[in-house]
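>>> no sequence on this one, just coordinates:
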């Protein structure tokens, strides 16, 4: 089964909105062995939209369109679908009920613009929208499938996972092609170092494929394996993964859609450990990432964002003389912050960061990008220096990642190499 | 001048990486009046890449390619460029020096894989990479321009803003087409309500265009105006903007690339006011957003992430009986948290949130999505209830936005409508 993804919207073409929808749809189709042959973006113009429909529908078995279904005048996807399939709009009572229900829950009045969203193409099955007002539509024509969804990401995602994928996999999916992919997520080691350590990569991979995907959070190693049957691909993948883990295993914190905050959260939860965090330069990002995980209130006790020295002294009980002596950005203060937050909160673990993320704040001895991470548990109390780049926001991400990785290494007893 | 953007990488097509590069390039070209006719994504296959090169180069004056220039075996863009232009690779001493310099700064050794990145096509001008090892290339051929850059976003961005845009606008850009775009950023009002309030939209816009772009942070109203000359477009835009502001002005917190944290940061800075933040459900996100702004240490004093009741009592000096009486998630506790964090930190303003973001934690009276925001300054101390949806991460974003907007409204003296 071949598929093409069409994203509609001037705001995507002109870069004002990121095309997260095409990424999500591409990923979920790929996982279900549907070949994505291309992804195109077109503006809010009838001609461009109809041309994209024609080209995609001619060359594929499945076309998935997002965007342009809102309640306002710039949303013209529905008109284009009606023209493309030479059909008409009819009112769906089911959709109207859903719309009224959503507005009722939020104590808001249904406007005529909202009511108009209950109109759907006559030849379409309705895909219900549980989070918003614009329904999706599923049209079958000439033994092909044409799906349209609103562009609001969480509405689209629910339709994909709750309706479209189940219906596609029931009806159409009998893949003859055995193919799996797995990502190993590393942090704390550059792309080129991994490459060197792996040695002869063609010998390692044989006819499989691996991509190195770097970001400020680390390098994702994405392995894709083709084979004759399910066992064959699983064995090949397992062999490659073992080889990689033997060489850079300590840097691998998870796989596929894992996050480092999810991985450490699971470890804390399993071991019934509580953590408190003291942050200076990251301004709350580490705590925010830890609390992104449902159930984190079971292990995350509190966070102190001690931006000012006063806050470090009052909430973390750090001796002001130590700050004067070593500087607020220092190995010693990072360790004292970790120790302090652990003591005041009575947790098993204290994690702390202090650093200079830029653009300002550098001194002769402390350049922009210098960061200290402190870690204390009931056995050890330690700190470590990291050096990052010049960009404030990227440095915040990198620092939060380094701190969470220091937590991971300590929980698992994995020493740093240097 | 017509341009097409090509993004290379299986990881984009399969949705494992977001195509932020095409968005950034589209935006900056659009700003400089270069028409982006399309944006395509192709996988890491020589045939697909060459086919995309051919099609784009035939139909446009400018082709911009990102991705596939890394030091590892899956990066084949350079080979494709050499084939496409029938040229060869030569070693660039300038690039080799840059690579050695970057590795030296981080105390890392240059590997052979890194050295190979000093090879560039013979017919290309080098675009230096100040943040990484793969250079960009600028090729002129048949009076057209072909640019290739690495896929790492911050490396690509520096090349676009530091080299490509200046060179493009010097050499080629004499736009005859007067066109401007401006976005008005709203929060706290749904898309359909704005639409209703604006009345007859076609009368308002005449031959201009406006898009409604909703997200969890609010609705972006993007206005695009065409005209005969610079004054004409400015006058038309100004007229439309005034009309919109007259109707929904209180919900507009900024324009274009403004962020709410940047807007309130500027207000705090100008008025020399200091703020402290107490967060429960947002887990540090509000503080993290405030401290994303360079110079925020001038107004952000501290943050207390009082996840546990103990932390609320100890750091914010809240009477435990009040928590027992009203519940940790209540209007009263939100106000006490704001009052408490202001008092302990000695700042001018205290901002606080408490809520239930899901998936767990709901009670009979307090459903998932209920949030209270507290605000105190030297004159007033108040709190307000908000009701959001079911998704934890979206709710964190929405709550942080509602809290920062409550801060904005209080700083500017803008009352809520209800």
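Great, that's in hand. What you see is a predicted model, and the numbers here were worked out from it, not measured in a lab. Numbering: from 1, shown residues only, chains lettered A, B, ... in the order given.
>>> what packs against the helix or strand hosting residue A:383?
Element membership for residue A:383, per DSSP states H and E: strand A:381-387. Counting contacts by 3 or more Cβ pairs under 8 Å, 6 or more residues apart in numbering or on different chains; DSSP states H and E, strand A:381-387 packs against helix A:331-345, strand A:370-376, helix A:392-412. Quick note: C-beta positions are derived from backbone N, CA and C, even for glycine.
>>> tilt between the longest one and strand A:381-387?
Translated: helix A:392-412. 140 degrees (axes from the mean of the first three to the mean of the last three Cα atoms, to 10 degrees).
>>> buried ones in helix A:392-412?
A:392, A:394-411 (16 or more other Cβ atoms under 10 Å in any protein chain shown).
>>> also near chain B: which of these, exactly?
A:392, A:394, A:396 (Cβ under 8 Å from any Cβ of the partner chain).
>>> circling back: how about JSON lines for the helices and strands packed on strand A:381-387, with mean pLDDT added?
JSON lines is the format used below for the helices and strands packed on strand A:381-387 (pLDDT from 0 to 100):
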{"stretch": "helix A:331-345", "mean pLDDT": "97"}
{"stretch": "strand A:370-376", "mean pLDDT": "97"}
{"stretch": "helix A:392-412", "mean pLDDT": "97"}
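>>> now these as JSON lines including distance to residue A:305?
Converted to JSON lines, those look like this (distance: least, Cβ to Cβ, whole Å):
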{"stretch": "helix A:331-345", "distance to residue A:305": "11"}
{"stretch": "strand A:370-376", "distance to residue A:305": "15"}
{"stretch": "helix A:392-412", "distance to residue A:305": "12"}
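>>> just so I know, which of the ones you listed lies nearest residue A:58?
Within these, the stretch nearest residue A:58 is helix A:392-412; the backing value is 42.6 Å (Cβ to Cβ).
>>> could you say what helices and strands the closest one packs with?
Using 3+ Cβ pairs under 8 Å, 6+ apart, helix A:392-412 sits against helix A:260-270, helix A:285-290, strand A:349-355, strand A:370-376, strand A:381-387.
>>> near chain B at all, stretch A:356-373?
Yes - with Cβ under 8 Å from any Cβ as the criterion, chain B is reached by stretch A:356-373 at A:358, A:359, A:360, A:361.
>>> does residue A:244 touch residue A:221 like I think?
Yes - the pair residue A:244 and residue A:221 qualifies as a contact (Cβ atoms under 8 Å) at a distance of 6.6 Å.
>>> what residues does the stretch 101-250 of chain A put near chain B?
By Cβ under 8 Å from any Cβ, the part of the stretch 101-250 of chain A that sits against chain B consists of A:106, A:108, A:111-114, A:131, A:133, A:152, A:154, A:181, A:183, A:190-193, A:195-196, A:201-202, A:209-215, A:220, A:222, A:224.
>>> could you turn the buried ones of the residues you listed into a ChimeraX selection?
To isolate the buried members of these in ChimeraX, using 16+ other Cβ under 10 Å:
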select /A:111,113,114,131,133,152,154,181,183,190,191,192,193,195,196,210,211,212,213,214,215,220,222,224
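>>> so which of the residues of the stretch 101-250 of chain A next to chain B belong to strands?
A:181, A:183, A:209, A:210, A:211, A:212, A:213, A:214, A:215, A:220, A:222, A:224 (DSSP state E).
>>> right, and the first one touches residue A:226 too?
To tie it back to what came earlier, the one meant is residue A:181. No - with contact defined as Cβ under 8 Å, residue A:181 does not count as touching residue A:226 (10.2 Å).
>>> on that earlier part again, reformat the helices and strands packed on helix A:392-412 into TSV and put distance to residue B:346 and mean neighbour count next to each item.
Formatted as TSV, the helices and strands packed on helix A:392-412 follow (distance: least, Cβ to Cβ, whole Å; neighbours: other Cβ atoms under 10 Å in any protein chain shown):
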stretch	distance to residue B:346	mean neighbour count
helix A:260-270	32	19
helix A:285-290	23	29
strand A:349-355	22	29
strand A:370-376	26	26
strand A:381-387	29	16
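>>> which one of the ones you listed lies closest to residue A:248?
So among these, helix A:260-270 is nearest, using Cβ to Cβ, at 16.0 Å.
>>> quickly list the domain ranges of chain A.
Split into domains by automatic domain parsing, chain A comes to A:2-171, A:178-255, A:267-412.
>>> now the longest one: average pLDDT?
Rounded to a whole number, the mean pLDDT of domain A:2-171 is 88.
>>> centre of the chain to it, how far?
Centroid displacement of domain A:2-171 relative to its chain, using Cα atoms, centre = their mean, to the nearest Å, is 22 Å.
>>> likewise for the shortest one?
Centroid separation for domain A:178-255 versus its chain: 20 Å, with Cα atoms, centre = their mean.
>>> residue A:261 - nearest residue in space that isn't next to it in sequence?
Distance criterion Cβ to Cβ, 6 or more residues apart in numbering or on different chains; nearest residue to residue A:261, sequence neighbours excluded, is residue A:289 at 4.3 Å.
>>> my guess is that neighbour contacts residue A:263, does it?
No - applying Cβ under 8 Å, one finds residue A:289 not in contact with residue A:263, separated by 11.4 Å.
>>> dump the domains of chain A into CSV; add distance to residue B:90 as well.
What follows is the domains of chain A, written out as CSV (distance: least, Cβ to Cβ, whole Å):
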stretch, distance to residue B:90
domain A:2-171, 34
domain A:178-255, 22
domain A:267-412, 29
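>>> can you list the buried residues in stretch A:128-140?
So, applying 16+ other Cβ under 10 Å, buried residues of stretch A:128-140: A:129, A:131, A:132, A:133, A:134, A:135, A:136, A:137, A:138, A:139.
>>> what about residue A:388, how many residues nearby?
Around residue A:388 sit 23 other residues, with neighbours defined as other Cβ atoms under 10 Å in any protein chain shown.
>>> how close does residue A:266 get to residue A:294?
Applying Cβ to Cβ, to the nearest Å, the value for residue A:266 to residue A:294 is 12 Å.
>>> same check, this time on residue A:40
For residue A:40 relative to residue A:294 (Cβ to Cβ), the value is 36 Å.
>>> follow-up on the earlier one: now the residues of stretch A:356-373 next to chain B as CSV including secondary structure and pLDDT?
CSV is the format used below for the residues of stretch A:356-373 next to chain B (DSSP: H, G, I helix; E, B strand; the rest coil; pLDDT from 0 to 100):
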residue, secondary structure, pLDDT
A:358, coil, 87
A:359, coil, 88
A:360, coil, 86
A:361, coil, 84
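>>> who's sitting farthest from the centroid in chain A?
Distance from the C-alpha centroid of chain A, by Cα atoms, centre = their mean, peaks at residue A:321 (42.4 Å).
>>> got a pLDDT number for that one?
So residue A:321 comes in at 95 (pLDDT).
>>> now stretch A:230-243: buried residues?
Residues of stretch A:230-243 classed as buried: A:233, A:236, A:237, A:240, A:241 (neighbour count, 16+ other Cβ under 10 Å).
>>> export the ones in strands among the residues of the stretch 101-250 of chain A next to chain B to JSON lines and append columns for distance to residue A:48 and pLDDT.
Shown next, in JSON lines, are these (distance: Cβ to Cβ, whole Å; pLDDT from 0 to 100):
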{"residue": "A:181", "distance to residue A:48": "32", "pLDDT": "86"}
{"residue": "A:183", "distance to residue A:48": "34", "pLDDT": "93"}
{"residue": "A:209", "distance to residue A:48": "34", "pLDDT": "86"}
{"residue": "A:210", "distance to residue A:48": "37", "pLDDT": "88"}
{"residue": "A:211", "distance to residue A:48": "31", "pLDDT": "85"}
{"residue": "A:212", "distance to residue A:48": "35", "pLDDT": "86"}
{"residue": "A:213", "distance to residue A:48": "31", "pLDDT": "85"}
{"residue": "A:214", "distance to residue A:48": "34", "pLDDT": "85"}
{"residue": "A:215", "distance to residue A:48": "32", "pLDDT": "87"}
{"residue": "A:220", "distance to residue A:48": "34", "pLDDT": "92"}
{"residue": "A:222", "distance to residue A:48": "32", "pLDDT": "90"}
{"residue": "A:224", "distance to residue A:48": "33", "pLDDT": "88"}
